[in-house]
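Q: take a look and give me a structure for this.
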Amino acid sequence: MTTKIILKSLFRKEKILKKLLFATFLAAGTLSADAQTIKGVITSDAGTLPTANIIGKSFNNSAVSDLQGAFTLTAPAEGEAVIEISYIGFETKSITINLVKGINDLGFIQMAADGSAALKEIVVKGTMAPSQAKAYSIKKNSLAIMDVMAADAIGKLPDRNAAEAVQRMQGVAVARYHGEADQATVRGTPFAWTSTLFNGNRLPSSNVMGNRSSVLDAVPSEMIQYVQVAKAITPDMEGDAIGGSINFITRTAPSKRVLNVSAAGGYNTFSQNGTYNGSVTYGDRFFNNKLGVIVSGAIWSRQWGSDEFAATYNTGASIVEQKNSLNTVLFKRYMGERETKGLNVGAEYKLTPSDKIFFRGMVNKFDDIRPVYESYIDYTNTRFQYNYRYSHYQTALNGFEVGGEHQMSEKFKLDWSYSNHKSEYYLDTPPTSVNKGLPIATFRQKITGGFDNLSSDGKRYWGFDSPNGVGGTVENFETGLANPNEVMDPSKLLLNQLVIAQLNNSERDQIAQVNLKVEASSKVNLKFGAKYRHKDRTNSYGSNYVYLPGAAVGIPNSPALVPLSNLQTTSFPSGSKFFGNMNGDFSQFIVNPLTKNQLFDMFGQPFQTANGFMDFTSKTNATAFYTGDENVIASYAMAEIDATEKLKIVGGIRNEYTAMTLNGTKATTTGTPAVITLSPSVVENNYNSFLPMLHLKYQLTEKSNLRAAYTRTFVRPNFGDMTPGSSTNTTSSPMTITQGNPDLKPTFSNNYDLMGEYYFDNVGIISGGAFYKNITDVVFTDMSMQNIDGQDYMVTQAKNLNKASLIGFEAGINKRFDFLNGFWSGFGVEFNYTFLDSKTEVPRVSGTTTVNDKTSLPNQSKNLFNAILFYERNGVMVRLAGNYRGNSVETINQQLGPDYYIWSDSNFTIDASATVNINKKLKVFIELNNLSDSPVKMYMGDNKQRVTSQEWYGSRGQAGLRYDIF
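A: Now for the predicted structure:
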């Protein structure tokens, strides 16, 4: 991005900003010069209390405490003053103060649980209610439309990472990868449309496909203090959030000394191995409470596994009826080990009653070791194929933030921060080669006896697609081998290919920001801010180093192909029955795999020389590499206006200017014979995003709010979608090509929301509302089968659609049955439901005409719900939770149309947890995941039996204890 472009963008706004600032200072100057400042921190036995209401009873002003319980309230003059503090589930507290000139620091203000017998039972003895009271208070007082979850609530559910923690929240859906949630989205929109934030700043993403959705399985849930899911944002929030934003707020220093530890052990029913996790948190204050520190660490180690049945289809066939015929089927088993580690450090120091500085740091590491065993039946080429790969994926998310808060005068408050975070996703194998990535060995064996379940046209189908009803179903799969004794034989499986699939993605974000809040009057607060973000990204995903034996490519006098039986192998991993969730015996596809060291040795020079391997890496390999940077200048101005005692208006504008540059390599093929020339290629994409927003919040009663909002938001194109190069994978079947589209435009949305909420006296809520999004320039992923140089490839490329719309409604309730007597009063329910209906049109050329295919947005499920039955009384908490996500389109095939779209099937999981307070310090707990053993299933077209992938990963559980030392 050039300096001229930045300056032009800023100068256009200069006059507007000058006028706003002039009006701000003028308004602030008209207030009493004798105004005094009251500061304090609201706390309780359950910790600090965020968004407590502080009202001046002897003067006309009010304030709301921040997420750390701190507040600032301006009084008109010196002398005696009375303030009143109220909070859900706590007694209202009145304090008389003798105000002196300047800052009046009240320190920590302790609140007591509500004295009524029923409510005191819930708040003091409850295990969930104290954290829910905090969450509901934040939601009730928020300017944005949002839902909130507090740390204690996260800890009471069997959710071990950040993505799993948010799946319980209204309107949130997650993607599961081998049984664990790793991404989250709001209101069912595509994952990249949800802004994932840590402490208000977007996380860098090293996502494998180069998109902007953050993978959250590297962050233990123990690192999180609050989760805020904003569905209608305000101008002081990141604007690239069409679906909404999920803000993970890390732990901060407590109001008093805290030291707790937890430890648990468990079992995975699929791997039939153990799991364990542990955590420790320490926090304290020093130097008369001026210095606060917190350190928390967690580790979660687990053995895991899964079985995946996958099928590919001949969608590139020239005869339409044969496009649903089977190309390959795959029996894939994962059996590995995962370890998630996290460390969070926080510190704050009060320099003066008016000035505070803080530091936040985090180190997170996710190691995912997964040997993979793949057995194929290739119906097109009449052969078996066996792949073995040893993968040790490593994900790291590290960084820090420093900042300060300064009460510059009675009316002006300034905060600033600088943060530096880096996300990495990489592989360090094999050690025997200078090229690093995922090592894959491919063996093939010719099927000599043919098949006896082919259809009348000579192709293999599922029975419902077959022209004469032959082929069966996935549930009762039969190989169709004419000779039942023809099985995968290590002496006949010949080594045909060695590949290193490169993966080394990293992204670093450096962010500087400043915010100024001005109390223009007792009814008007103004806020201004600016943010600069510099992003650096490197990407090497999609490039393959390919090594082929001379005998496989017809080179005379080459050494014979190496059979698997001649190599060092080890026993097939134990665990649950091989594909025990399917009907039938598939033990014929169990092949003893290579040892890890044998696989690595095959990529060393001695093995490759002895067995006639040569480097056949494509000269276009370099096109998969790219580096890039992105610079964003954002600014905003907003006003919070108490128009009446009941009506609050929040309005403002946000502007984000984005300048992105990608540096890649372009391949050009010319002449006969073909000559490939590589040349540097640069992609630039600069654009401005002007985002007006308006929120109305009307207090119907003290217990209920009605909210309406208009917001304009956007989504930046993904890096991986715009790269000038392309990547080819020859190890998959069919082979694939992924290439970029440098001409992509950002996606914009005009959003309309209407929501209502009512808060019960016993720490509960009922809420609901409707929303509508009008979206332009949607980016989608197009997949089509193309014949290139005589070979069939599945080609993937991102494209823009003209427009889309999304309409929906959501409702939720959390209600305790305390109107019942005795034992039964401990029961309660928590239920939320979201309905979504999106529409967009995908242009498709059919003959000489263009047809617009109607479809929903990718990743958008029509129905989402959570249902939780809980019991909470006398220190006992039991929760049974169900989570449902409806089916959704995952991949759009523009060339062939809706009959060939890839869908994700609906998924319903059941989890359970229980906690018992042995005494005030010691708790024991049990957590159970996926009791329903629900598979993750994908299919093609309108028939759910036309499976493309179906994966089972079993259930897991653990039991442990938590000890609060302080």
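Q: please identify which helix or strand holds G542.
A: Using DSSP states H and E, G542 maps to neither a helix nor a strand.
Q: what about F359, neighbour count?
A: Using other CB atoms under 10 Å, F359 has 14 other residues around it. Every residue, glycine included, has its C-beta placed from N, CA and C.
Q: pairing partners for the helix or strand where it lies, with directions?
A: Element membership of F359, judged by DSSP H and E, is strand 355-378. Strand 355-378 has its sheet partners listed here by DSSP bridges as strand 326-352 (antiparallel), strand 383-407 (antiparallel).
Q: tell me the bridge partners for the closest residue to I918 other than its chain neighbours.
A: Nearest non-adjacent residue to I918, counting by CB to CB, 6 or more residues apart in numbering: V924, 6.3 Å away. With DSSP bridges as the criterion, V924 is bridged to V916, L961.
Q: same question, V293
A: When bridges are called by DSSP bridges, V293 pairs up with D284, A347.
Q: that one and F358 touch, don't they?
A: No. Using CB atoms under 8 Å, V293 is not in contact with F358, being 10.6 Å away.
Q: what is in contact with those two at once?
A: The overlap between the contact sets of V293 and F358 (CB atoms under 8 Å, 6 or more residues apart in numbering) consists of G346, A347.
Q: SS state for P606?
A: Assigned by DSSP: H, G, I helix; E, B strand; the rest coil, the conformation of P606 is helix.
Q: just give me the neighbour total for it.
A: Neighbours around P606, by other CB under 10 Å: 10.
Q: for it, give its distance to F613.
A: 11 Å (CB to CB, to the nearest Å).
Q: could you pull out the strands for the stretch 801-950 of the chain?
A: 803-816, 827-846, 849-855, 863-873, 876-885, 888-891, 902-904, 907-917, 922-929, 936-940, 947-952 (DSSP state E, counting those that start in this stretch).
Q: any chance of a markdown table for these, columns distance to R202 and mean pLDDT?
A: Below are the strands of the stretch 801-950 of the chain laid out as a markdown table (distance: least, CB to CB, whole Å; pLDDT from 0 to 100):
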| stretch | distance to R202 | mean pLDDT |
| --- | --- | --- |
| strand 803-816 | 22 | 94 |
| strand 827-846 | 24 | 90 |
| strand 849-855 | 29 | 87 |
| strand 863-873 | 24 | 92 |
| strand 876-885 | 24 | 91 |
| strand 888-891 | 24 | 90 |
| strand 902-904 | 26 | 95 |
| strand 907-917 | 28 | 91 |
| strand 922-929 | 29 | 91 |
| strand 936-940 | 28 | 95 |
| strand 947-952 | 30 | 96 |
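Q: closest to F400 out of those?
A: strand 922-929 (31.4 Å; CB to CB).
Q: which strands and helices sit next to the closest one?
A: On a contact count with 3 or more CB pairs under 8 Å, 6 or more residues apart in numbering; DSSP states H and E, strand 922-929 meets strand 258-268, strand 907-917, strand 956-964.
Q: which one of those lies closest to I590?
A: Here strand 258-268 is closest among the helices and strands packed on strand 922-929 (CB to CB), at 20.1 Å.
Q: what sits up against the closest one?
A: Taking CB under 8 Å, 6+ apart as the rule, strand 258-268 contacts 273-284, 294, 302-305, 925, 927, 954-966.
Q: contacting residues for F59?
A: So F59 contacts A75, P76, A81 (CB under 8 Å, 6+ apart).
Q: now it: how far from L73?
A: 9 Å.
Q: same check, this time on G305
A: From G305 to L73 the distance is 57 Å (CB to CB).
Q: could you do G808 as well?
A: Note on G808: its distance to L73, by CB to CB, is 39 Å.
Q: quick one: which of those two has more around it?
A: L73 (23 against 20).
Q: distance check, V320 against R844.
A: For V320, the distance to R844 - CB to CB - is 14 Å.
Q: more crowded one of the two?
A: Per other CB under 10 Å, whichever of V320 and R844 has more neighbours is R844, with 18 against 9.
Q: surely the more buried one and V851 touch.
A: Yes. Using CB under 8 Å, R844 is in contact with V851, at 5.0 Å.
Q: and the end-to-end length of stretch 712-721?
A: 23 Å (CA to CA, to the nearest Å).
Q: which residues are contacting it?
A: Here stretch 712-721 makes contact (CB under 8 Å, 6+ apart) with 192-193, 207, 209-212, 233, 239-242, 537, 539, 541, 626, 628, 630, 656, 658, 660, 662, 685, 689-693, 740-741, 744-751, 779, 798.
Q: swap the cut-off to 6 Å and go again
A: Stretch 712-721 is contacted from outside by 193, 209-212, 239-242, 537, 628, 689, 691-692, 744, 746-750, 798, using CB atoms under 6 Å, 6 or more residues apart in numbering.
Q: which residues touch A643?
A: Applying CB under 6 Å, 6+ apart, the residues near A643 are I649.
Q: against I233, how distant is it?
A: From A643 to I233 the distance is 21 Å (CB to CB).
Q: do F572 as well
A: According to CB to CB, F572 stands 51 Å off from I233.
Q: these two - which one has more neighbours?
A: I233 (26 against 15).
Q: can you tell me how far the more buried one sits from A637?
A: 15 Å.
Q: what does N268 give?
A: Remark: distance between N268 and A637 (CB to CB) = 53 Å.
Q: now swap in V878 and tell me
A: On the measure of CB to CB, V878 and A637 end up 49 Å apart.
Q: kindly report the same for Y901.
A: The value you get for Y901 to A637, if CB to CB is used, is 43 Å.
Q: do A311 as well
A: Counting by CB to CB - A311 and A637 are separated by 55 Å.
Q: next: V166.
A: Applying CB to CB to V166 and A637 gives a distance of 31 Å.
Q: appreciated, that's everything.
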